[in-house]
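[1] Could you look at this predicted model? Sequence included:
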Amino acid sequence: MRDETLPLIIQGGMGAGVSSWGLARTVAAAGQLGVVSGTGVDTTLVRRLQLGDLSLDYRRAMAAFPFQDMVDRVLKRFFIDGGKPSGTPFKLKPVPSLKPGRLFQELAVVSNFVEVFLARDGHDGHVGINYLEKIQTLTLPSLYGAMLAGAGWVFMGAGIPLAIPKILDRLAVHQSVELKVDVQGAQPGESFVARFDPVAFSGRQLEPMPRPRFVPIVSAAPIAAMMIRRAKGSIDGFVIEDWRAGGHNAPPRGKTAYSPEGEPIYTKRDVPDLQALEAMGLPFWLAGSQADRASIDAALAAGATGVQIGTAFAFCEESGLDPKLRRQVIEESRKHRVKVITDPRASPTGFPFKVVQLSGTAAVSTIQRDRKCELGYLRHAYRKADGSVGWRCPAEPIADYLAKGGIEEETRGRLCVCNALLANIGIGQIRPDGSEELPLLTAGIEVETVARFAAPGASTYSAADVIDRVLRG
């Protein structure tokens with residue numbers, strides 16, 4: 001029997017900034033679960049401040065943050081009254097590292113607080129936040145900032161986050177936490193960890209706060225079962241995401257075969273065992289091409305609590321995507337000219353990555369963009385010869401990557417996802433020659449038919465249109 005207190009629809013947490021606070025707030029106010037993306041929100045905040053925060057929303061949220069001395073430091077460093085001059089580059093923030101400085105931690109906490117605060121403003125609906133397990137050095141202060149703002153749900157994919165449930169338990173009572181960081185080349189017995197101490201960070205002991213529900217995003221029942229057995233602390237459900245979803249996908253199970261176009265081939269082995277999932281006794285939501293009433297009914301009949309929908313919301317009016325890109329995709333979808341591929345090489349993470357083939361984007365551009373790793377979210381930690389930790393990214397300049405012990409083969413086909421995703425939401429970096437960073441759109445295969453949510457002749461639609469059409473059929 002479905003638990004009616006739980007949402008039927010989860011709006012996917014699409015990063016960076018696509019699942020904006022405006023989208024999450026709209027979905028949550030409509031009675032479903034609105035989710036903000038936790039990926040890159042520190043960069044999003046500092047760039048919005050450098051553009052002058054003309055709507056005042058970000059400074060309004062920062063005014064509610066409990067540690068105003070930190071807010072003052074962030075504003076002093078990044079806010080530009082009236083906005084930066086057009087055509088000038090954004091000032092950069094510190095990149096993630098194993099032992100970050102004070103500014104890095106303050107930005108992480110403040111920015112996650114701001115995003116959740118704005119998403120929760122004006123209603124009492126469900127609001128959550130989504131993170132990538134891959135971005136480990138940002139996780140602890142980011143979680144704390146989101147919890148200070150009252151996030152009710154935490155979602156995490158692109159890995160197996162066994163340590164997060166217990167971390168949420170401890171952060172709820174402001175206890176110190178640590179998270180093991182994956183380091184390539186680590187020797188047997190070596191352990192590298194990121195640490196965060198809320199009391200040392202703030203200089204005070206606050207009252208306990210609610211612990212959010214934790215919902216990992218996984219691709220198969222055996223992974224869910226393993227997490228239930230091995231996770232420290234409680235898991236509150238799962239999102240079961242298949243290969244049709246946008247962003248990063250799990251690789252095919254077993255030995256991977258490739259199509260003539262170079263895409264990994266998914267088989268019956270990659271179809272989740274819904275009976276096994278139902279037998280685990282925890283709520284679960286199905287993700288990947290679920291944006292229609294028939295899919296919801298089928299999910300419920302199989303024992304699911306509901307569905308997660310991403311792509312349909314990604315191109316609605318409230319999403320963070322650049323409006324020009326949204327309109328272009330809807331118009332091309334109406335003409336049946338949108339194509340999405342599963343690129344096994346594009347993402348520096350090594351996971352397959354859905355890429356929309358759209359004119360004017362990095363995916364189809366003949367322009368060879370300069371490799372430049374200045375945001376560092378998807379860098380890999382590696383062990384140096386002296387035992388210290390270094391950082392490298394297969395999408396950075398090839399000579400730099402090789403100098404850090406990387407292999408040239410790992411750089412082939414890689415794209416700078418971090419910079420491109422920020423261009424998707426209209427805050428891409430300005431390069432020295434005055435050019436703007438090219439966007440790189442990711443979406444599930446439903447992008448090919450996303451125009452069905454728009455009225456005939458219209459080039460936009462709303463989040464309410466998605467919810468209404470999905471629920472009514």
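    Noted; the coordinates are in hand.

[2] Which strand residues bridge Phe155?
    Beta-bridge pairing for Phe155 (DSSP bridges): Asn130, Val215.

[3] Same check on Val355?
    Ile341.

[4] Check this structure for its longest helix and report it.
    Counting by DSSP state H, the longest helix found in the chain is helix 102-120.

[5] C-alpha coordinates for it, CSV please?
    Only the C-alpha atoms of helix 102-120 are listed here, as CSV (Å, rounded to 0.1, in the frame of the first residue of the first chain):
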residue,chain,number,x,y,z
ARG,A,102,38.1,29.1,5.5
LEU,A,103,36.5,30.9,2.5
PHE,A,104,35.9,27.6,0.7
GLN,A,105,34.0,26.2,3.7
GLU,A,106,32.0,29.4,4.2
LEU,A,107,31.0,29.6,0.6
ALA,A,108,29.9,25.9,0.7
VAL,A,109,27.7,26.4,3.8
VAL,A,110,26.3,29.8,2.8
SER,A,111,25.5,28.8,-0.8
ASN,A,112,23.7,25.6,0.1
PHE,A,113,21.7,27.4,2.8
VAL,A,114,20.7,30.1,0.3
GLU,A,115,19.5,27.6,-2.4
VAL,A,116,17.4,25.6,0.1
PHE,A,117,16.1,28.7,1.9
LEU,A,118,14.8,30.2,-1.3
ALA,A,119,13.3,26.9,-2.5
ARG,A,120,11.4,26.6,0.8
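
[6] Show me what that helix is packed against.
    helix 21-29, strand 33-37, helix 41-50, helix 57-62, helix 68-78, strand 126-132, helix 139-148 (3 or more Cβ pairs under 8 Å, 6 or more residues apart in numbering; DSSP states H and E). Quick note: C-beta positions are derived from backbone N, CA and C, even for glycine.

[7] Mean neighbour count, the ones you listed: which tops it?
    strand 33-37 (a mean of 30; mean count of other Cβ atoms under 10 Å).

[8] tell me what the one helix or strand Val199 maps to is packed against?
    Per DSSP states H and E, Val199 falls inside helix 198-202. Applying 3+ Cβ pairs under 8 Å, 6+ apart, we find helix 198-202 packed against helix 139-148.

[9] The helix it packs on versus strand 33-37: what angle between them?
    140 degrees (axes from the mean of the first three to the mean of the last three Cα atoms, to 10 degrees).

[10] With mean pLDDT and distance to Asp273 added, can I get the helices and strands packed on helix 102-120 in JSON lines?
    Listed next are the helices and strands packed on helix 102-120 as JSON lines, based on pLDDT from 0 to 100; distance: least, Cβ to Cβ, whole Å:
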{"stretch": "helix 21-29", "mean pLDDT": "98", "distance to Asp273": "29"}
{"stretch": "strand 33-37", "mean pLDDT": "98", "distance to Asp273": "24"}
{"stretch": "helix 41-50", "mean pLDDT": "98", "distance to Asp273": "35"}
{"stretch": "helix 57-62", "mean pLDDT": "98", "distance to Asp273": "42"}
{"stretch": "helix 68-78", "mean pLDDT": "97", "distance to Asp273": "47"}
{"stretch": "strand 126-132", "mean pLDDT": "97", "distance to Asp273": "24"}
{"stretch": "helix 139-148", "mean pLDDT": "98", "distance to Asp273": "29"}
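
[11] so can I have TSV of these showing distance to Cys416?
    Conversion of the helices and strands packed on helix 102-120 to TSV gives the following (distance: least, Cβ to Cβ, whole Å):
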stretch	distance to Cys416
helix 21-29	25
strand 33-37	18
helix 41-50	14
helix 57-62	26
helix 68-78	22
strand 126-132	16
helix 139-148	22
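
[12] Specify the stretch among the ones you listed that is closest to Phe284.
    strand 33-37 (13.6 Å; Cβ to Cβ).

[13] residues in contact with stretch 164-176?
    Identification of contacts with stretch 164-176 by Cβ atoms under 8 Å, 6 or more residues apart in numbering yields 139-140, 143-144, 147, 154, 156, 177, 179, 195-200, 205-206, 208-212, 214, 216, 231-235.

[14] which parts of it are buried?
    164-165, 167-171, 174 (16 or more other Cβ atoms under 10 Å).

[15] In TSV: those, plus secondary structure and pLDDT.
    Supplementary listing: the buried residues of stretch 164-176 in TSV, determined by DSSP: H, G, I helix; E, B strand; the rest coil; pLDDT from 0 to 100:
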residue	secondary structure	pLDDT
Ile164	helix	97
Pro165	helix	97
Ile167	helix	98
Leu168	helix	98
Asp169	helix	98
Arg170	helix	98
Leu171	helix	98
His174	coil	98
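
[16] That concludes my questions; thank you for your assistance.
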